[in-house]
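Asks: Based on what follows, work out the 3D shape:
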Amino acid sequence: MARVLVLVPYPFGEKGVANRRAQLDSCSIGPGIEFFYEPVKAGPAGYESYHDTAIMELALFEAGLRAEQDGYDAVCIDSTSDAGVSALRSVLDVPVIGGGKASYLMALLLGTSFSVLNTWRPWNRLCRLSLVQWGLSDKCASIRSIDIQPDPENLLRGQEDLVLPRLVEEGLRCIDDGADVICLGSTTMHEAHPHLIENLPVPVINPGPLTYTLVEALLGLGLSHSRVAYPRPNVPKPEMVKAMLAAAAASERDAESA
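Replies: Predicted coordinates:
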């Protein structure tokens, strides 16, 4: 039985983790693979700035450092930011997949151009940076948002009547922009996916479940990332990283109890 570690980019309790685990219900996975969800020890309150990016990168890197030693056969990052992916690939031999680049490349497998559909406008800038980094800007017809601040833990609960019609409206605008595939801009949007695929006339890519199926394929094919592209560190310092996150988690606990 293959074991896959899914890293949740926020220090959630069981409720928040369960809302992320629900993504498994929207895809068909074979019987020979099992997914385990683990939140980071500490992390940013949101994902809107370079400050948040730096913290999330380190938090996810620390959370996945021991994945191979702990018996996991692959790692999925539950975020379209792909934070931590490159760093983890430099220290792990097992496949590490994030939802961002994978979504865009899958979109180009299904069509010739794509748009990114977000709930929160600040994410648009972060998407543009990723597209530039991966050389995919010319394939992106647009990045659109309904500009409603997300709740990373509770997701769409209680906001469906407000959020879903507006996502469909912006999705149709994406198609007018020239998109023939739409990528959800965040794994926090996964609850909107069934409504969008029913109401939009183009494929809509749900990033979290995509990473699960891609990892299953990579394991079946015996493939992982290139060690040439992701060389190992000459002087690895996992204990330093773990000490930093342990101190961060203790600081957060002290702040909450103050």
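
Asks: So for Ala258, what's the pLDDT?
Replies: At Ala258, the model reports a pLDDT of 67.

Asks: And the closest residue to Asp147 other than its chain neighbours, what's its pLDDT?
Replies: Once flanking residues are discounted, Asp147 sits nearest to Arg121: 4.4 Å by C-beta to C-beta, 6 or more residues apart in numbering. All C-beta spots, glycine's among them, are computed from the backbone N, C-alpha and C. With respect to pLDDT, Arg121 has a value of 88.

Asks: Neighbours of Ala102, how many?
Replies: Residues near Ala102, counting by other C-beta atoms under 10 Å, number 23.

Asks: Would you mind giving me the confidence score for it?
Replies: For Ala102, pLDDT reads 97.

Asks: That one: what secondary structure?
Replies: helix (DSSP: H, G, I helix; E, B strand; the rest coil).

Asks: Return the distance of it relative to Glu198.
Replies: Distance, Ala102 to Glu198, by C-beta to C-beta, to the nearest Å: 23 Å.

Asks: Glu160 too?
Replies: As judged by C-beta to C-beta, Glu160 and Glu198 stand 14 Å apart.

Asks: got a list of contacts for stretch 156-165?
Replies: With contact meaning C-beta atoms under 8 Å, 6 or more residues apart in numbering, stretch 156-165 is reached by Thr119, Ile146, Ile148, Asp151, Met189, Glu191, Ala192, His195, Leu196.

Asks: who touches the last one in this structure?
Replies: Going back to what we said before, that points to Leu196. Leu196 sits next to Leu117, Leu164, Leu167, Val168, Gly171, Ile182, Leu184, Val204 when contact means C-beta under 8 Å, 6+ apart.

Asks: Which one of the residues you listed is nearest to Ala59?
Replies: Leu184 (22.3 Å; C-beta to C-beta).

Asks: For burial, what's the neighbour tally of the closest one?
Replies: Each residue near Leu184 was counted by other C-beta under 10 Å, and the total is 26.

Asks: Let me see the confidence value for it.
Replies: Looking at Leu184, its pLDDT stands at 97.

Asks: surely it meets Ile205?
Replies: Yes. Applying C-beta atoms under 8 Å as the test, Leu184 and Ile205 come out as touching, 6.5 Å apart.

Asks: Ala141: what secondary structure?
Replies: Taken by three-state DSSP, the conformation at Ala141 corresponds to strand.

Asks: quick one on the thing from earlier: top of the contacts of stretch 156-165 by neighbour count?
Replies: Most crowded among these, counting by other C-beta under 10 Å, is Thr119 at 25 neighbours.

Asks: what residues are up against that one?
Replies: Ser145, Ile146, Asp147, Ile148, Gln149, Pro150, Val163, Leu167, Gly185, Ser186, Thr188, Met189.

Asks: next one: Leu167
Replies: Taking C-beta under 8 Å, 6+ apart, one finds Leu117, Thr119, Ile146, Met189, Ala192, His195, Leu196 in contact with Leu167.
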